[in-house]
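> sharing a model prediction with you, sequence too.
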Amino acid sequence: MVTPLKQPIVFELEGFDVPTGYGPFLFFLALFAYIVVLLGNGIVVSIIVMDKTLHRPMFVMVCHLVVCDLLGATAVLPRLMMHFLMGQKRIAYIPAITQGFCVHTYGVAVQTILGAMAYDRYVAVCDPLRYHAIMTSARLHALCALAWILALLLIAVLFSFHMNVLLCGQTIQHVYCSNRSILNLACAPTPMSNIYGLTMTWSVSTGIFIIIAFSYIRILSASVKQGRADRTVRTKAFQTCTPHLVVYVLYEIASLIIIVSLRFPSVTQNIRKFFSILFIIIPPAINPIIYGLVSKDLRASIIKHFSLHVCLKH
């Protein structure tokens, strides 16, 4: 008979199988990735806050997406750096639950925020004359709050299944803590958590996909119709919507890579863990570049502020 663990529980993260002498190199690699995430997203938020011409619904939602990206990266990368540099694998129960909660919130909030952004782009292109009447400040903030509340509630329910679960193991077979990796240590099966987790994941992913697909089908139809009369209208619509669509596709590709890697037994544990880390690093690192390069207004504002800064220094 397996004996349940006594409180306080301290877990041991399996982590990566790091070859001797490669720890410091991997530490600096993770540190560089974290700096890129912080710097890129920090610049985007700072420019949007400073430039009043960017205080528009699309860029307000970009700020919410930045907060979401920073939540995911900060939940994982600092502890991963400690693992590489000092071999630190131990994590207490509360920090483990907190890390898992943040990682899952990141995964769901990204989708809900992108769903809200799709609605904003739909109104902007398909009903431009009534855009400001529809996307009022109150409605904008309510939409963003709804995206966060939905994500937090769904994940709170997911982690509520941990309350009465007895754990009989201490080694988490992952690089970071997640709902499934912790419940794998339970003394007995947890079918309700499995059913809820799968249902929630499927419902959110499918629901957001339908919202975005519907929005872009309508946007494409409206752009083609308007473009017949004025080609610049169609060009502007594509420029406005491209960053959002690229970011959504990027997240979906990152998620798909993780799912596919889990389905092939030939893929080693280190490779699977590496893919799961990429999901935390790549989108947050690339998103600022996507919005900075593709969004004409944001790109112009970044260039203006940096040019002004250089001129003041000289």
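Done, it's in. Every value quoted in this text rests on a predicted model; they were computed, and no experiment measured them.

> from the chain's centroid, how far away is the longest helix along the chain?
Once the chain is assigned using DSSP state H, the helix that runs over the most residues is helix 191-229. Mean-position distance between helix 191-229 and its chain equals 17 Å (Cα atoms, centre = their mean, to the nearest Å).

> swap in stretch 59-70?
9 Å.

> please enumerate residues in contact with it?
Contacting residues not belonging to stretch 59-70 are listed as 37-38, 41, 44-45, 48-49, 106, 109-110, 113-114, 116-117, 120, 140, 144, 147-148, 247, 283-284, 287-288, 291, 297-298 [Cβ atoms under 8 Å, 6 or more residues apart in numbering]. Placement of C-beta: from N, CA and C, glycine included.

> swap the cut-off to 6 Å and go again
41, 44-45, 48, 106, 109-110, 113, 117, 144, 284, 291 (Cβ atoms under 6 Å, 6 or more residues apart in numbering).

> tell me which residues of that stretch come out buried.
59-66, 68-70 (16 or more other Cβ atoms under 10 Å).

> check which helix or strand covers the closest residue to residue 114 other than its chain neighbours.
Excluding its sequence neighbours, the residue lying closest to residue 114 (Cβ to Cβ, 6 or more residues apart in numbering) is residue 248, at 5.1 Å. Per DSSP states H and E, residue 248 falls inside helix 231-263.

> just checking, what packs against the following helix or strand past that helix?
Under the assignment DSSP H and E, the closest C-terminal helix or strand after helix 231-263 is helix 269-294. Using 3 or more Cβ pairs under 6 Å, 6 or more residues apart in numbering; DSSP states H and E as the contact test, the elements touching helix 269-294 are helix 23-50, helix 57-86, helix 231-263, helix 296-313.

> now the first one against helix 269-294, angle please.
Using axes from the mean of the first three to the mean of the last three Cα atoms, to 10 degrees, one finds that helix 23-50 and helix 269-294 are set 30 degrees apart in direction.

> gap between helix 23-50 and the chain center?
15 Å.

> what angle separates it from helix 57-86?
Using the same axes, to 10 degrees: helix 23-50 against helix 57-86 is 160 degrees.

> which of the residues in helix 23-50 are buried?
23, 26-27, 30-31, 33-34, 36-38, 40-41, 43-45, 47-48.

> can you list the buried residues in stretch 209-220?
211-212, 215-216, 219.

> please apply the same query to stretch 122-141.
122-126, 135, 140.

> just these: which are in helices?
Filtering the buried residues of stretch 122-141 for helices - DSSP H - leaves 122-126, 140.

> for those residues, which one is nearest residue 162?
Taking Cβ to Cβ as the measure, residue 162 sits nearest to residue 140 out of those, at 34.7 Å.

> the closest one against residue 57, yeah?
Yes: using Cβ atoms under 6 Å, residue 140 makes contact with residue 57 at a distance of 4.8 Å.

> average model confidence for the host helix or strand of residue 11?
Using DSSP H and E, residue 11 maps to strand 10-13. Strand 10-13 carries an average pLDDT of 87.

> tell me which residues of it are tucked away?
For strand 10-13, by 16+ other Cβ under 10 Å, it's 11, 13.

> which elements pack onto it?
Short answer (3+ Cβ pairs under 6 Å, 6+ apart): strand 10-13 packs on strand 90-92, strand 171-172.

> which one of these lies closest to residue 238?
strand 171-172 (44.8 Å).

> contacts for the next helix or strand after that closest one next, please.
Counting by DSSP H and E, the element after strand 171-172 in chain order, helix or strand, is helix 179-183. With Cβ under 6 Å, 6+ apart as the test, helix 179-183 has contacts from 100, 158, 172, 174, 190, 193.

> okay, now the unreliable bits of the stretch 101-250 of the chain?
226-237, 239-240 (pLDDT under 70).

> 90 instead, please
Within the stretch 101-250 of the chain, the set of residues satisfying pLDDT under 90 comprises 121-122, 124-132, 161-175, 178-194, 197-198, 201, 215-250.

> just the pLDDT for residue 258.
At residue 258, the pLDDT recorded in the model is 77.

> quick check: it vs residue 25, distance?
24 Å (Cβ to Cβ, to the nearest Å).

> ends of stretch 133-142, what's the gap?
Terminal residues of stretch 133-142 lie 15 Å apart, using Cα to Cα, to the nearest Å.

> stretch 162-180 too?
10 Å.

> list the buried residues for it?
Those buried within stretch 162-180 under the rule 16+ other Cβ under 10 Å are 162, 167, 169, 172, 174-179.

> ok, stretch 66-86 next?
Under 16+ other Cβ under 10 Å, the buried positions of stretch 66-86 are 66, 68-77, 79-81, 83-84.
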